[in-house]
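Enquirer: A structural model of the following input is requested.
(one chain, ligands or ions: 1)
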Amino acid sequence: MAVNKQAYEQIITDLGSHHVTLVAVSKTKSVEEIKQLYDLGQRDFGENYVQELVAKRSTLPADIRWHFIGHLQTNKVKQITPFVALVQSVDSLKLLQEIDKQAKKAGMEVDCLLQVHIAQEETKFGFSENELEQVITTLDELPLKHAHVKGLMGMASLTDDMNKVRSEFRYLKSLFDTFSSHRTEFSTLSMGMSSDYSVAIEEGSTMVRIGSLIFGART
Ligand SMILES: *Cc1c(COP(=O)(O)O)cnc(C)c1O
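Expert: Model (predicted):
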């Protein structure tokens, strides 16, 4: 499979005027495909599985910024803390504390986003609004020195109903605004994927995570 260069360039054009960062989601895609996109200038890539990420990274250019976007188990944290650019899928305080601990051991500072559950589907991970408030209050009391929460990430429902998707993004943006108003380090709102990134940008996204539109459908 080849990268869809035309789609990629269209996305870059769409995002550029809004100052939105593109994370190219390369899960299940080969290192050759990633390298093709790298050669077009892409540097931010997102992966969902620790093993896959570690294996791919070892053969790809060192200046790639790797984003972890899948469900992360605490016992795998130490495999990615030495190099990961942004862990977007923090869904428990325990996980955040483990990232802090392992980052300290690796002599690193690791940026993180808190994943918020905004979709209808129960299967998706993330904090509820109440849990988010609790975690953020806890973080104010116990500042972590090596794991830094930079914002929020969310996935909208899998539906063709763009009004529903839009209202979920709008809700996430309102949470982001509430928390960023008194936390200057909150700067990133990661929302929007292949099917809904235009809506996400209209609703205030600062980072989109796009896979299939660039790399083709996953098998
Ligand atoms: C797979 C994935 C994406 C990309 O999805 P596409 O529909 O292929 O663009 C974005 N975010 C997360 C968290 C994912 O798991």
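Enquirer: in the host helix or strand of residue 101, what counts as buried?
Expert: According to DSSP states H and E, residue 101 maps onto helix 93-106. Neighbour-count burial for helix 93-106 flags 93, 95-104, 106 (criterion: 16 or more other Cβ atoms under 10 Å). Heads up, the C-betas are built off the backbone N, CA and C, glycines and all.
Enquirer: what does stretch 53-64 give?
Expert: Quick answer for stretch 53-64 (16+ other Cβ under 10 Å): 53, 56-57, 64.
Enquirer: What is the nearest of these to the ligand?
Expert: Nearest to the ligand among those, counting by Cβ to the nearest ligand atom, is residue 53 at 12.6 Å.
Enquirer: Just confirm that closest one contacts residue 68, I think it does.
Expert: Yes. Counting by Cβ atoms under 8 Å, residue 68 is a contact partner of residue 53 at 6.8 Å.
Enquirer: continuing past the worst-scoring helix or strand of the chain on mean pLDDT, what's the next helix or strand?
Expert: The weakest-scoring helix or strand in the chain, judged by mean pLDDT, DSSP states H and E, is helix 129-141 (a mean of 93). Next helix or strand after helix 129-141 toward the C-terminus (DSSP H and E): strand 147-154.
Enquirer: other SSEs contacting that next one?
Expert: strand 86-90, helix 93-106, strand 110-116, helix 129-141, helix 162-180, strand 188-190 (3 or more Cβ pairs under 8 Å, 6 or more residues apart in numbering; DSSP states H and E).
Enquirer: Would you mind listing the outside residues contacting it?
Expert: If you take Cβ atoms under 8 Å, 6 or more residues apart in numbering as the criterion, strand 147-154 is touched by 69, 86, 88-90, 96-97, 99-100, 103, 109-119, 126, 132, 136, 139, 168-169, 172, 175-176, 179-180, 185-191, 206.
Enquirer: sorry, back to before: ok, of the helices and strands packed on strand 147-154, where does mean pLDDT dip lowest?
Expert: Among these, helix 129-141 carries the lowest mean pLDDT, a mean of 93.
Enquirer: Please save the CA atoms from that one in PDB.
Expert: Provided in PDB are the C-alpha atoms of helix 129-141 (Å, rounded to 0.1, in the frame of the first residue of the first chain):
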ATOM      1  CA  GLU A 129     -16.300  14.800  33.900                       C
ATOM      2  CA  ASN A 130     -16.400  14.000  37.600                       C
ATOM      3  CA  GLU A 131     -13.300  11.800  37.500                       C
ATOM      4  CA  LEU A 132     -11.500  14.400  35.500                       C
ATOM      5  CA  GLU A 133     -12.200  17.100  38.100                       C
ATOM      6  CA  GLN A 134     -11.000  14.800  40.900                       C
ATOM      7  CA  VAL A 135      -7.800  13.900  39.000                       C
ATOM      8  CA  ILE A 136      -7.000  17.600  38.300                       C
ATOM      9  CA  THR A 137      -7.700  18.500  41.900                       C
ATOM     10  CA  THR A 138      -5.300  15.700  43.000                       C
ATOM     11  CA  LEU A 139      -2.700  16.900  40.600                       C
ATOM     12  CA  ASP A 140      -2.800  20.400  42.000                       C
ATOM     13  CA  GLU A 141      -2.100  19.000  45.400                       C
END
